[in-house]
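Peer 1: Curious how this folds, go ahead:
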Amino acid sequence: MDPNLPFEYDSPDSLFFEQETLVFSIFFIHKFQTPSEIKTKLTSLLKYLQIEFQPYIDHYPWYQAPIQFQIVEERGFHYIYGELVYGDYLNDLWLVTKILQGFTSRDSNIYVRLFDQDGEFLLIEGSDHLDEWMDPISGTNRIWIHDLKFKIIGNDYFPDKGLTLLQALRFIEETPYKFLNPESLNRYLIQKLCSFPEECLKNLFVEEVKVSQLLFDSVLASKPTYVANAAFNFKMKQDSVFAGGFSGSESKLKLEILDQGCFPSVSDPVLQVRVSAFAHLYLKQITQQGEFDEGLEKGKVLVAALDGFLKDVTVEDVNPKIKTWKEFNKITEEDKLQKELIRYLAISKKVESKEVTIEDLDSLKGEKTSGNDLNRDEIMDKLKHFLDSKGDSGGMRDQDEKDVEFTYDSDKYNDDSDYSSDADDVRFNQSIKEKLKGIDIDEDDFFEFFCKDALKLSDEEISNYRNVVNEDEIKLSRKIAELDEDDFADNEIENDRDEEGQQEEDIEAITNLLQSLQTEGGITGPTATLLTQLGLDINKLMNDPEQL
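Peer 2: Okay, here's the model as predicted:
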């Protein structure tokens, strides 16, 4: 670990990692406490942080190795510094982020910084929810986690450029009240983190692997249980392929770390090894062709994988050692990780594995997404959130901000319920109330306000959506009014030829309108809003305009 790294990092170009690595720093900032008092407080916090991570350190199959952290002193600051190599497996990155976010609820003076080999991964992930001035470069050292929220140092402090860590720390010491609290970014990131740790747990699998007694005694009995998974990940990346059957030629390799006698035979016992989705997919691919003993073939791969992994990575022995393979299997079957997480209230019940296929590989490896491509369901969720039909305030909840509590549970010292993200909605609605107070607005003003504040659209996008209003929209509006007055009020309408011809003309107009909406991305346009408020399903109309 390099505790000086956070102070050296002032732009993504200044970073270099051999592998994808998460770096985090936990500061306790109190203007009126001495360095000695702050170090004492950090020592206490370190014990709680150890409790937070201990179930994962002991029982979780990390991509390469468990997370590491310690108290350090650099540039006159004491802080907790930590690193995690997560490789291509983004689930490990977000798991740690979720735990650290919850950890900030322990004290209002805790401030957490995170970055990885790409720099500000939180800003990259939430780029669609940032102001125009903010980007991963000018945002260097500007985003922090504090009191469960993702907060940003504004552009009025050293404008239009990234900060050094020292500059950011001085800002927190002197003017923490000037932190920006971006609602949209917080809602997006918190929603993403809400799926953890369950997302990690459902991507864990048990593989049955035949191992020789020599391999068990010399390696598996003395190393942490995550080592098998880490070795498979190492070999998977080394091979860089997910196709083709295993030929069995590994037994002819010249092993550099292990004895040739470590390769398994048909009569060797089966070991139950817990692995993550990457290793599971890898083993599934190399054993899917041919008729052979899968456990034996997986065992041969494990020997070759361990030989390469242990040559490249130093893994300390555990004490005491696991005595027999039966004891090893019992530990796997008991799934102590989930037992501990349930006991600490981190999860409410056991999470079952969800089978994955090779098509899931890209989503497991993951790209840090910007969220540009909203699908229709996401847009309709935004509409539903903004235009809640209940209440006299346009769907805004009449709940005071003072009634909202932020709680987090994670260990035996804290028995509260999970953090409630409803607080985000309350603050969002309260801000809208303040903006609307004392303002007389017409429909056009409301439409513009709705597009900017609820859908976060730019002026250019709003202008494009306004251009969708054409002759077909006018025909549609008139037709809806006529149908409301005549067709639906009278159950004895005669379907004569003239009326059928008129209906065909109307359907043609509606079809043209919906086609224009599709080409213009009009699912969020004013007509879409009108149809939604009339109780019509836009998605169904796109497929079958005769529903009107």
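Peer 1: And for residue 178, nearest residue in space, chain neighbours not counted?
Peer 2: Nearest residue to residue 178, sequence neighbours excluded (C-beta to C-beta, 6 or more residues apart in numbering): residue 154, at 6.5 Å. Glycine gets a C-beta too; all of them are placed from N, C-alpha and C.
Peer 1: ok, now residue 271?
Peer 2: residue 211 (4.8 Å).
Peer 1: What is the neighbour count of that neighbour?
Peer 2: 27 (other C-beta atoms under 10 Å).
Peer 1: Enumerate every residue touching it.
Peer 2: Counting by C-beta atoms under 8 Å, 6 or more residues apart in numbering, residue 211 touches 220, 264, 268, 269, 271, 299, 302, 325.
Peer 1: Try it again at 10 Å.
Peer 2: Shown in contact with residue 211 (C-beta atoms under 10 Å, 6 or more residues apart in numbering): 217, 219-220, 228, 262-264, 268-271, 273, 295, 298-299, 302-303, 306, 325, 328.
Peer 1: from those residues, which would you call buried?
Peer 2: The neighbour count (16 or more other C-beta atoms under 10 Å) marks 217, 219-220, 228, 262-264, 268-271, 273, 295, 298-299, 302-303, 306, 325, 328 as buried among the contacts of residue 211.
Peer 1: quick one: low-confidence parts of the chain?
Peer 2: 240-253, 289-291, 362-548 (pLDDT under 70).
Peer 1: can you list the domain ranges for it.
Peer 2: 5-197, 204-353, 457-547 (automatic domain parsing).
Peer 1: okay if I get the ones you listed as TSV plus distance to residue 359?
Peer 2: Below are those laid out as TSV (distance: least, C-beta to C-beta, whole Å):
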stretch	distance to residue 359
domain 5-197	16
domain 204-353	10
domain 457-547	25
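Peer 1: would you list every one of the strands in the stretch 251-400 of the chain?
Peer 2: 270-276 (DSSP state E, counting those that start in this stretch).
Peer 1: quick one: the helices in it?
Peer 2: For the stretch 251-400 of the chain, the helices defined by DSSP state H, counting those that start in this stretch occupy 277-286, 294-312, 325-334, 336-343, 361-365, 376-386.
Peer 1: Go through these and name the closest to residue 256.
Peer 2: Nearest to residue 256 among the helices of the stretch 251-400 of the chain is helix 294-312; the distance by C-beta to C-beta comes to 5.6 Å.
Peer 1: Please save the CA atoms from the closest one in CSV.
Peer 2: Extracted in CSV, the C-alpha atoms of helix 294-312 (Å, rounded to 0.1, in the frame of the first residue of the first chain):
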residue,chain,number,x,y,z
GLU,A,294,-15.7,-32.4,-14.6
GLY,A,295,-14.4,-32.5,-11.0
LEU,A,296,-11.1,-33.9,-12.2
GLU,A,297,-10.7,-31.4,-15.0
LYS,A,298,-11.5,-28.5,-12.7
GLY,A,299,-8.9,-29.9,-10.3
LYS,A,300,-6.2,-29.8,-13.0
VAL,A,301,-7.1,-26.2,-13.8
LEU,A,302,-6.9,-25.3,-10.1
VAL,A,303,-3.4,-26.7,-9.8
ALA,A,304,-2.2,-24.7,-12.8
ALA,A,305,-4.0,-21.6,-11.6
LEU,A,306,-2.6,-21.8,-8.1
ASP,A,307,0.9,-22.3,-9.4
GLY,A,308,0.7,-19.1,-11.4
PHE,A,309,-1.2,-17.1,-8.8
LEU,A,310,1.1,-18.0,-5.9
LYS,A,311,4.1,-17.2,-8.0
ASP,A,312,2.7,-13.7,-8.7
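Peer 1: Show me which residues of the helix or strand hosting residue 169 are buried.
Peer 2: Using DSSP states H and E, residue 169 sits in helix 165-174. Neighbour counts over helix 165-174 (16+ other C-beta under 10 Å) mark 165, 167, 168, 169, 171, 172 as buried.
Peer 1: Now name the helix or strand holding the closest residue to the second one other than its chain neighbours.
Peer 2: Beyond its immediate neighbours in the sequence, the residue positioned closest to residue 167 (C-beta to C-beta, 6+ apart) is residue 158, lying 6.3 Å away. Taking DSSP H and E as the criterion, no element holds residue 158; it sits outside all helices and strands.
Peer 1: Pop out the phi and psi values for residue 158.
Peer 2: phi 50, psi 70 (degrees, to the nearest 10).
Peer 1: Let me know how buried it is, in neighbour terms.
Peer 2: 16.
Peer 1: ok, now the one 4 residues further on?
Peer 2: With neighbours defined by other C-beta under 10 Å, the count for residue 162 comes to 22.
Peer 1: if we can go back for a sec, would you convert the buried residues of helix 165-174 into CSV that also reports distance to residue 49?
Peer 2: CSV is the format used below for these (distance: C-beta to C-beta, whole Å):
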residue, distance to residue 49
165, 20
167, 26
168, 21
169, 20
171, 24
172, 20
